[in-house]
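**Q** quick one: sequence plus predicted model below, questions after.
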Amino acid sequence: MERVHTGIIGLDEMIGGGYPKGRTILILGTTGSAKTILGVSFIHKACQEGRKSLIIATEELPEDIIAQSESVGMSFEKFKTDGILAIEKIYEERTTHAKEILAYGIDDSDRLQSNIIGLLDRISADIDSVLIDNIGVFTLNMSPNEFRAQIDSLVVGLTKRNITAVLIMDTSADSRTENIASYSVYGVLRTSIKDNPFTGSRERLLEVLKIRNTKISLEPMRFEITSKGIELMKK
């Protein structure tokens, strides 16, 4: 199976050469565990290699995502100017919709809050790589059965179009939906922050929980966020 680069030095080698092309990878993580940086690293590398890419921003303003990326050595401005990268502003739409509900008493409050399948309509035919950050925001009013149906439809739709996609999901949403997303996707990575009992310091960890048809190590890898992005630490 063809692979595409993750954008993380050392991670490609850990997972057989990169993310499987045309498949969907889920990145789970707690707040502050660098799951977004892991996702934008993939998109930045895709843009560098000339693959048309899309970020669907569901819980941050595009300018905040760009600023965060620039702080770790990844600039997206040239790619936006050249048309290699587009950003869908779902977060702004959600906040505008919330204001309309309050102001006019609109009763379809779930229209943008739980329409995962509708994200496919926002991906143009020429897109190769997609980052959706954060898929968890759609799950607040969704039953596990409905979420399974919608996430399956999203993943199948992306796969049929041969799009390599990374979905970000916070661990609270994953628990709320009974960990269903992990069964729908091709691969799962998890970031976390834990206390090291030997050093007394806090550390960020990256685990590869599964990637189908790929030999992986289940041992967590320590990593740091540097001015050049995520850096995996030697054992």
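**A** Structure received. These figures come from a predicted structure and were not determined experimentally.
**Q** tell me who's in contact with residue 115.
**A** residue 138 (C-beta atoms under 8 Å, 6 or more residues apart in numbering). Every residue, glycine included, has its C-beta placed from N, CA and C.
**Q** what ranges do the helices span in this structure?
**A** Taking DSSP state H as the criterion, the chain carries its helices at 11-14, 35-48, 62-71, 77-81, 90-104, 144-160, 171-176, 181-184.
**Q** for residue 123, which of these is the nearest?
**A** Closest of those to residue 123 is helix 144-160, at 7.9 Å (criterion: C-beta to C-beta).
**Q** helices or strands up against the closest one?
**A** strand 24-29, helix 181-184 (3 or more C-beta pairs under 8 Å, 6 or more residues apart in numbering; DSSP states H and E).
**Q** in the shortest one, what's buried?
**A** Using 16 or more other C-beta atoms under 10 Å as the burial criterion, the residues of helix 181-184 that qualify are 181, 182, 184.
**Q** just say which of the helices of the chain is most tucked in.
**A** helix 35-48 (a mean of 23; mean count of other C-beta atoms under 10 Å).
**Q** okay, the angle between that one and helix 62-71?
**A** On the basis of axes from the mean of the first three to the mean of the last three C-alpha atoms, to 10 degrees, helix 35-48 is oriented at 80 degrees to helix 62-71.
**Q** counting contacts, what elements does helix 35-48 pack onto?
**A** With contacts taken as 3+ C-beta pairs under 8 Å, 6+ apart, helix 35-48 sits against strand 24-29, strand 53-57, helix 62-71, strand 129-133, strand 164-170, strand 187-195, strand 229-232.
**Q** partner strands of the fourth one and their direction?
**A** If I follow you right, that is strand 129-133. If you go by DSSP bridges, strand 129-133 pairs up with strand 53-57 (parallel), strand 164-170 (parallel).
**Q** quick one: average confidence on that strand?
**A** For strand 129-133, the mean per-residue pLDDT is 97.
**Q** low pLDDT regions in this protein?
**A** 91-113, 235 (pLDDT under 70).
**Q** do that again at 50, thanks
**A** Within the chain, the set of residues satisfying pLDDT under 50 comprises 101-102, 109, 112.
**Q** and residue 9, which of the helices and strands packed on helix 35-48 is closest to it?
**A** Per C-beta to C-beta, nearest to residue 9 of the helices and strands packed on helix 35-48: strand 229-232, 7.0 Å.
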